[in-house]
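Peer 1: please work out how this folds:
(one chain, ligands or ions: 2)
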Amino acid sequence: MSPLATTDLTPAFLRGLPKAELHLHIEGSLEPELMFELAQRNKVTLPFATVEAVRAAYAFSNLQDFLDIYYQGAQVLLTEQDFHDLALAYFRRLHADGGVYAEIFFDPQTHTDRGVSFATVIEGLRAGMATAEREFNIRSKLILCFLRHLSEAAALETLEAAKPWVDRLAGVGLDSSEQGFPPSKFTQAFAEAGRLGLKRVAHAGEEGPPAYVVEALDLLHVDRIDHGNRALEDEALTARLVRSEMTLTVCPLSNLKLCGVPNLAVHPLKRMLELGLKATVNSDDPAYFGGYLLENYQAVVDALGLTRAEVLTLARNSFTGAFLTPQEKATYLEAIEAYSIANPCLTPL
Ligand code: ADE
Ligand code: ZN
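Peer 2: Residues are numbered from 1 along each chain as shown. Ligands and ions are numbered 1, 2, ... in the order given. Below you'll find the model as predicted:
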């Protein structure tokens, strides 16, 4: 790596670069401080005495370790106001990071299974999104995720409950424990989502094998792959992803925290870009993984020595892979080009 390659990729440059976030679980943006505030507001008892004790518990060796604590934390979310506050707190951070657009996941089953109505969850989140658009000029869309450790029947019930709001959803996704819960389990639910005109995405190849990525493509007919890291183990699959210009929503700090990589210097992101994959950078569950969107960009720039051209490609990919119209994408891409011209590289390479 040339030390000059990253010279102009300062935090200020990365912050000002227009960026979209395409892989963010809104429940994973619940900071311990807000968790305590909501627990108090809603008279929910937490198994932690202090904010510091919560943070100390965020040492994970795999995805399941994290999910156990993530579902526990979500129990403080009860009212529309709670979901509004959660979403707004995330958008405030995104704004500070120079994010201008987001497609956010939510896990309705985590809430409906506790007696919180679908209406409460979605109306609260939509209120937060509306406030963010007013206050920060950030536009956003919702992606409803099915929990893959639950049954396909439960996913279909969730989709049925979502029908009154279907025109306010961008798509459906598939998340939670990956190993042992292949995409093929949700073929019917994803087919029904397709009939409803929804876009489709799925976590695949985060911990699971390349075969799960193939299933997501062939059986769920996904428009994006969330993570996709392990796809690189299969040459033919990698070539297929390049050929089809499939967007991968990669989450570097998440991969580090969940021990998908031992350190960021060996993270596959740079290789993905070199192979021509449409990789993007995202934060996944930033309250748990130690960084929001900008920290993820900065971390991979520092660890992988990404070039300015690579960083611009990542930002462009975040809009070309978004569920936006061609005209909307063109407007954001023009903003990136204008930013690049206004902030030329000052260091001779
Ligand atoms: N739910 C929240 N974060 C997730 C992740 N990284 N993988 C799978 N399910 C999740
Ligand atoms: Zn995720």
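Peer 1: name the SS class of Leu144, please.
Peer 2: With DSSP: H, G, I helix; E, B strand; the rest coil as the basis, the three-state label of Leu144 is strand.
Peer 1: list the contacts for the residue of the chain found nearest ligand 1?
Peer 2: Nearest residue of the chain to ligand 1 (CB to the nearest ligand atom) works out as Asp175 at 3.5 Å. Every C-beta, even on glycine, is put in place using the N, C-alpha and C of the backbone. For Asp175, the contact set (CB atoms under 8 Å, 6 or more residues apart in numbering) comprises 25, 105, 107, 145-148, 203, 226.
Peer 1: for the protein, what lies in contact range of ligand 1?
Peer 2: Contact residues, the chain versus ligand 1 (CB under 6 Å from any ligand atom): 25, 28, 63, 70, 175-176, 203, 206, 254, 284-285.
Peer 1: one more pass at 8 Å, please.
Peer 2: The chain comes close to ligand 1 at residues 25, 27-28, 63, 66-67, 70, 105, 107, 145, 175-178, 203, 206, 226-227, 251, 254, 258, 284-285, as judged by CB under 8 Å from any ligand atom.
Peer 1: for Leu147, which residues count as its bridge partners?
Peer 2: Beta-bridge partners for Leu147, by DSSP bridges, are Asp175.
Peer 1: remind me, longest helix of this protein?
Peer 2: Ordering each helix of the chain by length in residues (DSSP state H) puts helix 118-136 first.
Peer 1: tally of neighbours for Asn282?
Peer 2: Neighbour count for Asn282, taken as other CB atoms under 10 Å: 28.
Peer 1: what does Glu206 give?
Peer 2: Neighbours around Glu206, by other CB under 10 Å: 24.
Peer 1: can you give me the pLDDT of Leu264?
Peer 2: Here, the pLDDT recorded for Leu264 equals 98.
Peer 1: does it touch Gly305 like I think?
Peer 2: No: with contacts counted by CB atoms under 8 Å, Leu264 stays clear of Gly305, the gap being 11.0 Å.
Peer 1: Glu178 should be in a strand, yeah?
Peer 2: No: counting by three-state DSSP, Glu178 falls outside a strand, being coil.
Peer 1: that one and Gln64: what is the separation?
Peer 2: Separation of Glu178 from Gln64 (CB to CB, to the nearest Å) stands at 9 Å.
Peer 1: show me which of these two is the more surrounded one.
Peer 2: Between Glu178 and Gln64, counted using other CB under 10 Å, the more crowded position is Glu178 (25 against 15).
Peer 1: what residues does the nearest residue to the more buried one once chain neighbours are set aside make contact with?
Peer 2: Spatial nearest neighbour of Glu178, excluding adjacent residues (CB to CB, 6 or more residues apart in numbering): Gly208 at 4.2 Å. Counting by CB under 8 Å, 6+ apart, Gly208 touches 178-179, 182, 230.
Peer 1: same question for Pro182.
Peer 2: By CB under 8 Å, 6+ apart, Pro182 lies in contact with 208, 211-212, 215.
Peer 1: in strands, which of the residues you listed fall?
Peer 2: In strands, judged by DSSP state E, none of the contacts of Pro182 are found.
Peer 1: now, those residues that are in helices?
Peer 2: Secondary structure from DSSP H places 211-212, 215 of these in helices.
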